[in-house]
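K.L.:
A structural model of the following input is requested.
(chains A, B, C and D)
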Amino acid sequence: MNSGKAWSIAKKDLRSELRSREGATTLVFLSLLILFVFRGILDPRLGARDPALVAGILWATFFFVGTVGVAGTYGRERDRGTLEGLVLAPGGAFAVYLGKLAATAALTVAVNSLSLLFLGVLFNYDFGGVIVLVWLVMLAGTLGFLSIGSVIAALVRGARSRDALITILLIPITLFSIVMPSVSATAALLGGSGTLTSNLYTMVPATVVFVALAYLLFPFVLEE
Amino acid sequence: MPSGFESLSIALALTYVGIFGYVLYLHVVQRRLQREVAIVQEALRAGGKK
Amino acid sequence: MIETLEVTRQFGHRAALAGVTLSIPPRTIRLIVGPNGAGKTTLVRILATLTRPTGGTARIDGVDIAEDPEAVRPLIGVVLHESLLYPELTALENLEFCGSLYGVAGEARPREVLRLVGLLPRATDAVGTFSMGMRKRLSFARAILHRPKVLLLDEPLAGLDREGARMVAAFLRRQREEGMTILMTTHTLERDWALGDAVSVLHRGRTVLERTVSPEGLPSFLADVEARTQEG
Amino acid sequence: MKEGDRWGPMLSVAWLGAGLVHVALAFLWAPDPRSTSWADPIAFRIFFFHVPLAWSGYLAFGIVFAASIVFLRTRNARWDHLAVASAGVGVVLISLALVTGALWQEAETGEYWRWDDARLFTTFVLWLVYLAYVALRSTGEGGEGEARMAAIYGIVAFASVPISFFSVRLLPALHPPPGSREYMTPVFVAVLLVGVVVFTLLYLLLLRHRLALLKQALTLEEAKQSLEGA
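P.N.:
Numbering: from 1, shown residues only, chains lettered A, B, ... in the order given. This is a model prediction of the structure:
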């Protein structure tokens, strides 16, 4: 595994993203769409003050933004046939995984940060001093989610119904290992009861195992 | 709330209905495939091809 | 140098390759000919370590592609049907990115190969604006960027106009002079006959015939191919 | 079943016999009246079916996991067929385990479903994961691409079950499942073991059926191809 290759791929992905901005705009609009839907059905007076509800809304948004983001990065490479160029280069498959994971994470974390802002505005919800910790939980959860999300997205990149498949395959794997702990950690933060550590404590090992799985399996994943 | 005995019998019934249902399903599909194979082989022979 | 012995590729009962045996010395262009579906693309993909062979052995410059694909990759330059290029990036950015993957730093080598394929004036234009022929030539530049020993080309002249094909042919002859081993698949043998040093015929996944190229040898060769592939 | 198939009938007879014995034992077993760890002694007997079903479901997916690893290594299509067949049977067994688990939970606590019952929870995760596996297999592409995809997912999915188990178990809302262990009398354990044997036999029987079906589908595929090719 050659970290130089990973770094070059990350830089290339981000440069392509800045140049075409195709991924970013899709994700921002997706985030706005989901938040508007929740805003539409929830009367701010009664609904949006409950921490568990706000955490749930946030993580529903983060889940779909992450899924579409990671699907896009591999989908585009596969459709344009450029992924084989990355497999052909020396440095191993895991470097491709890390490079693309870094670029996707940067984009997704940026959009998720915007989502926090949008929620604050749409629900005129004041996160208060705890916003930094909420952001950190978002970061941890997003990295955990993308660490396995990339594997699944790369895996089904060539399948006909890949977008549906990605969601179907990702939900069972990430819902209980990443998303639910993140939701309860965020809810705990917003609700003031500080059991944050026990949730982060579970998400970190889950992420480590996912990255280990990626290391073992990615050479097979990229095979055509 | 169904009584204990009802729950048990429902559980038992569902389990074995499920199992035999699945076996039956496998059997039916197997039969259908066998018929299709016979048709295709017939077409092969009729066409005189190898 | 490319050597393969009874390379096969199959899944279940479908055999994409049923036994390919080749020996291609350096400084030669080997044409691989065969109808569509004979396994030409599969052969290129196996040698390029993109697809795993099911059986047989294949070595590039003595390195076994199944045992040590990582060691093979720096040795090979590959041109596939897809151009492996990013349309939103410029020609130079594409080559610099590819260079970074192969440990070739800076702009010097990228500019040099761009000049070789006559695209230096378009260095800072987005590849998305390039014509089909220009993209093909850029993918050749990409393939030789890291100075590989072997070139694996899957129908490189397909879709090129006369002018484009002439430029690519000149390019390949120059690479041959510089010691490159070149394997090139084609299904338009008549046009590419003069370019090759030898021809191998692939029929139903097997190498069935091999012949060194001689200027007037085409008609008799075509007759032999016809004979050999009839009773298959 | 094919004529040269000695095992099939023997396996079925063995399973039927053992199954009847197991059902009889489950009914005859009388709980120790003094112990208080379950609300309804009769309904508790569902336990003798729920646990063996869940066990054979886990076994089925363990085999999908192992077969997927061997397939990735050897690329021999036979392992892929084993994985597909085992997953199909596994989903059926796990679905029955969920149903019996819910019925038992309802008899115990009046609710059909409780998230904080760790056993029910992990069985549910396993069920969800392998529904996704079966969905992946039915994209219909067939061939090595789909087999490789499914093998890799089979590995990741199985590994995610314990991860999900530990991640959620430590959530504050969850407490360890109720019930002490004093009802584990030797007789009880014996009946349970008979159950496990019966349902493992059942798994093997269903697996053979499912593999035979797969073989049939392959011969049809081959016949069709030779029709097109010829």
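
K.L.:
quick one: the strands in chain C?
P.N.:
C:2-11, C:14-24, C:29-33, C:55-60, C:63-64, C:76-79, C:150-154, C:181-186, C:198-203, C:206-212 (DSSP state E).

K.L.:
Can you give me the buried ones in stretch D:218-230?
P.N.:
D:218, D:220, D:221, D:223 (16 or more other C-beta atoms under 10 Å in any protein chain shown). In this view, the C-beta of every residue, glycine as well, is placed from N, C-alpha and C.

K.L.:
Export that stretch to CSV, keeping only CA atoms.
P.N.:
Taking Å, rounded to 0.1, in the frame of the first residue of the first chain, the C-alpha atoms of stretch D:218-230 are listed here in CSV:
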residue,chain,number,x,y,z
LEU,D,218,-27.7,-24.5,-14.2
THR,D,219,-28.4,-27.4,-16.4
LEU,D,220,-31.3,-25.3,-17.9
GLU,D,221,-28.9,-22.4,-18.4
GLU,D,222,-26.4,-24.7,-20.1
ALA,D,223,-29.0,-26.3,-22.3
LYS,D,224,-30.3,-22.9,-23.4
GLN,D,225,-26.8,-21.8,-24.2
SER,D,226,-26.0,-24.8,-26.3
LEU,D,227,-29.3,-24.2,-28.1
GLU,D,228,-28.2,-20.6,-28.9
GLY,D,229,-24.6,-21.5,-29.6
ALA,D,230,-25.3,-24.5,-31.8
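
K.L.:
Residue C:51 contacts residue C:43, correct?
P.N.:
No - here residue C:51 lies out of contact with residue C:43, judged by C-beta atoms under 8 Å, at a distance of 9.3 Å.

K.L.:
Please say which of the two ends up with more neighbours.
P.N.:
Neighbour comparison, residue C:51 and residue C:43: the larger count goes to residue C:43, with 30 against 19 (by other C-beta atoms under 10 Å in any protein chain shown).

K.L.:
Chain D contacts on chain B?
P.N.:
Proximity of chain B to chain D (C-beta under 8 Å from any C-beta of the partner chain) is limited to residues B:1-5, B:7-8, B:10-12, B:14-15, B:18-19, B:22-23, B:26-27, B:29-30, B:33-34, B:36-37, B:40-41, B:43-44, B:47, B:49-50.

K.L.:
Make a ChimeraX selection of the buried ones in those.
P.N.:
Selecting the buried subset of these in ChimeraX, with 16+ other C-beta under 10 Å as the burial test, is done by:
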select /B:4,7,8,10,11,12,14,15,18,19,22,23,26,30,33,36,37,40,44
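
K.L.:
In helices only, show me the residues of chain B next to chain D.
P.N.:
Mapping the residues of chain B next to chain D onto helices (DSSP state H) picks out B:4-5, B:7-8, B:10-12, B:14-15, B:18-19, B:22-23, B:26-27, B:29-30, B:33-34, B:36-37, B:40-41, B:43-44, B:47.

K.L.:
same for chain C: which of those are within range?
P.N.:
When C-beta under 8 Å from any C-beta is applied, no member of those is adjacent to chain C.

K.L.:
picking up where we left off before, now the strands of chain C as a markdown table including distance to residue D:22 and mean neighbour count?
P.N.:
As requested, the strands of chain C are exported to a markdown table (distance: least, C-beta to C-beta, whole Å; neighbours: other C-beta atoms under 10 Å in any protein chain shown):
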| stretch | distance to residue D:22 | mean neighbour count |
| --- | --- | --- |
| strand C:2-11 | 42 | 20 |
| strand C:14-24 | 45 | 19 |
| strand C:29-33 | 64 | 23 |
| strand C:55-60 | 48 | 19 |
| strand C:63-64 | 55 | 16 |
| strand C:76-79 | 61 | 24 |
| strand C:150-154 | 61 | 23 |
| strand C:181-186 | 63 | 24 |
| strand C:198-203 | 60 | 21 |
| strand C:206-212 | 57 | 17 |
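
K.L.:
so how far is the helix or strand that contains residue D:129 from its chain's centroid?
P.N.:
Secondary structure from DSSP states H and E places residue D:129 in helix D:118-137. Once both centres are worked out by C-alpha atoms, centre = their mean, to the nearest Å, helix D:118-137 turns out to sit 10 Å from its chain's centre.

K.L.:
Could you see whether chain A lies near that helix?
P.N.:
Yes - counting by C-beta under 8 Å from any C-beta, chain A is contacted by helix D:118-137 at D:121, D:125, D:128, D:129, D:131, D:132, D:135, D:136.

K.L.:
Kindly report the residues of chain A close to chain D.
P.N.:
With C-beta under 8 Å from any C-beta as the criterion, chain A meets chain D at residues A:148, A:151-152, A:155-156, A:158-161, A:165, A:168-169, A:171-173, A:175-178, A:180-181, A:184, A:188, A:195, A:198-199, A:201-203, A:205-206, A:209-210, A:213, A:217, A:220-221, A:223-224.

K.L.:
Drop anything exposed from these.
P.N.:
Judged by 16+ other C-beta under 10 Å, buried ones among these: A:148, A:151-152, A:155-156, A:158-159, A:165, A:168-169, A:171-173, A:175-178, A:180-181, A:184, A:188, A:195, A:199, A:202-203, A:206, A:209-210, A:213, A:217, A:220-221, A:223.
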